[in-house]
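**Student:** Prediction below, plus the sequence it came from.
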Protein chains: 2
Amino acid sequence: MKTFAESVDLAAAFGTVNELWSPKVIAQVNDQYVKLAKVQGEITWHSHEHEDELFYIVRGHLRIHYEDRVVDLPQGSLHVVPRGVQHKPVADEECWIMLIETVTTKHTGDVDMPYTKTLEQQLAG
Amino acid sequence: MKTFAESVDLAAAFGTVNELWSPKVIAQVNDQYVKLAKVQGEITWHSHEHEDELFYIVRGHLRIHYEDRVVDLPQGSLHVVPRGVQHKPVADEECWIMLIETVTTKHTGDVDMPYTKTLEQQLAG
């Protein structure tokens, strides 16, 4: 099991995230990873069959598109994408997010895109 | 299972927390609850035998005392208290924290104090 820093200053940790849509694992709590990501634009529609996914907006503004609605997430808000539900995150401008996901959760579900990151990539560095 | 609001604005949700050391469950992600709490002063030494506990400092400053050291947590930082380890959170001034804990985690472990809150109390309101 990877060892993480004892405490993490989020602003400083975001300073080490240089690539968009590339989640970086910064901590583990029980069977969940805590990840930081910078996002802008949109990522593919996907779902995680057995896993919920928590989004907390540290900076900026995110929208989660569902097939029947859009959930609007301003800075300082959080939202849980339920397991098994197709969704697509969209950010008009750069947005910093903290994610809580089961350690087995795959980046873009069963969809494999050029920007899809493996768990090993998310744990590196 | 309790149903939570689809999205939560943290600042607004903290506005509904009126009691110190009284965690309020605002969301569930997989087998973990997300809780908000306002703390000031200190709570009893305790541990959670099988459960890690994540602290994220939304506002203010927290220290986690361990038997051999103190972890200092300024605003915007996070820290995971490992399972089975005695700890005591201390805040000199009012501090707002977000917690991630397994749904079964007891407030003050096996220590029962006058201010100990049951899970039902944490889920109410």
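**Tutor:** Here it is on my side, so go on. Computed from a predicted structure; not experimentally measured.
**Student:** which stretches of chain A form strands?
**Tutor:** Using DSSP state E, the strands found in chain A span residues A:7-9, A:24-29, A:32-42, A:53-59, A:61-65, A:70-74, A:77-81, A:88-102.
**Student:** So for B:Gln75, which of the ones you listed sits nearest?
**Tutor:** Nearest to B:Gln75 among the strands of chain A is strand A:7-9; the distance by C-beta to C-beta comes to 9.3 Å. Quick note: C-beta positions are derived from backbone N, CA and C, even for glycine.
**Student:** Next, count neighbours for the spatially closest residue to A:Gly41 that is not a sequence neighbour.
**Tutor:** Sequence neighbours aside, A:Ala91 is the residue nearest to A:Gly41 in space, at 6.9 Å (criterion: C-beta to C-beta, 6 or more residues apart in numbering or on different chains). A:Ala91: 22 surrounding residues under other C-beta atoms under 10 Å in any protein chain shown.
**Student:** you'd agree A:Ala91 is up against A:Gln40?
**Tutor:** Yes. If you go by C-beta atoms under 8 Å, A:Ala91 and A:Gln40 touch, sitting 5.2 Å apart.
**Student:** ok, which residues in chain A are in contact with chain B?
**Tutor:** Contacts of chain A with chain B, taken as C-beta under 8 Å from any C-beta of the partner chain, map to A:4, A:6-11, A:26-32, A:34, A:51-54, A:71-74, A:76-80, A:100-102.
**Student:** Give me the PyMOL select line for these, limited to the buried ones.
**Tutor:** Buried subset of the residues of chain A next to chain B, written as a PyMOL selection, criterion 16 or more other C-beta atoms under 10 Å in any protein chain shown:
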select buried, chain A and resi 7+8+9+10+26+27+28+29+30+32+34+51+52+53+54+71+73+76+77+78+79+80+100+101+102
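**Student:** who touches the lowest-mean-pLDDT helix or strand in chain A?
**Tutor:** The least trusted helix or strand in chain A, going by mean pLDDT, DSSP states H and E, turns out to be helix A:119-123, with a mean of 88. Here helix A:119-123 makes contact (C-beta atoms under 8 Å, 6 or more residues apart in numbering or on different chains) with A:Lys2, A:Ser22, A:Pro23, A:Lys24, A:Val25, A:Tyr33, A:Lys35, A:Val103, A:Thr104, A:Lys106, A:His107.
**Student:** Among these, name the buried ones.
**Tutor:** Using 16+ other C-beta under 10 Å, the buried ones in the contacts of helix A:119-123 are A:Ser22, A:Pro23, A:Lys24, A:Val25, A:Tyr33, A:Lys35, A:Lys106, A:His107.
**Student:** Between all of these, which two are separated the most?
**Tutor:** A:Lys24 and A:Lys106 (15.7 Å).
**Student:** Contact partners for the closest residue to A:Arg63 other than its chain neighbours?
**Tutor:** Leaving aside its sequence neighbours, A:Arg63 sits nearest to A:Val90 (C-beta to C-beta, 6+ apart; 4.8 Å). For A:Val90, the contact set (C-beta under 8 Å, 6+ apart) comprises A:Gly41, A:Glu42, A:Leu62, A:Arg63, A:Ile64, A:His65.
**Student:** Hmm, A:His79 and the fifth one touching each other?
**Tutor:** Okay, so that is A:Ile64. Yes. Here A:Ile64 lies in contact with A:His79, judged by C-beta under 8 Å, at a distance of 6.3 Å.
**Student:** Which pLDDT value does the model give the one residue sitting closest to the centre of chain A?
**Tutor:** Nearest to the geometric centre of chain A sits A:Leu99, at 4.4 Å (C-alpha atoms, centre = their mean). Turning to A:Leu99, the model gives it a pLDDT of 97.
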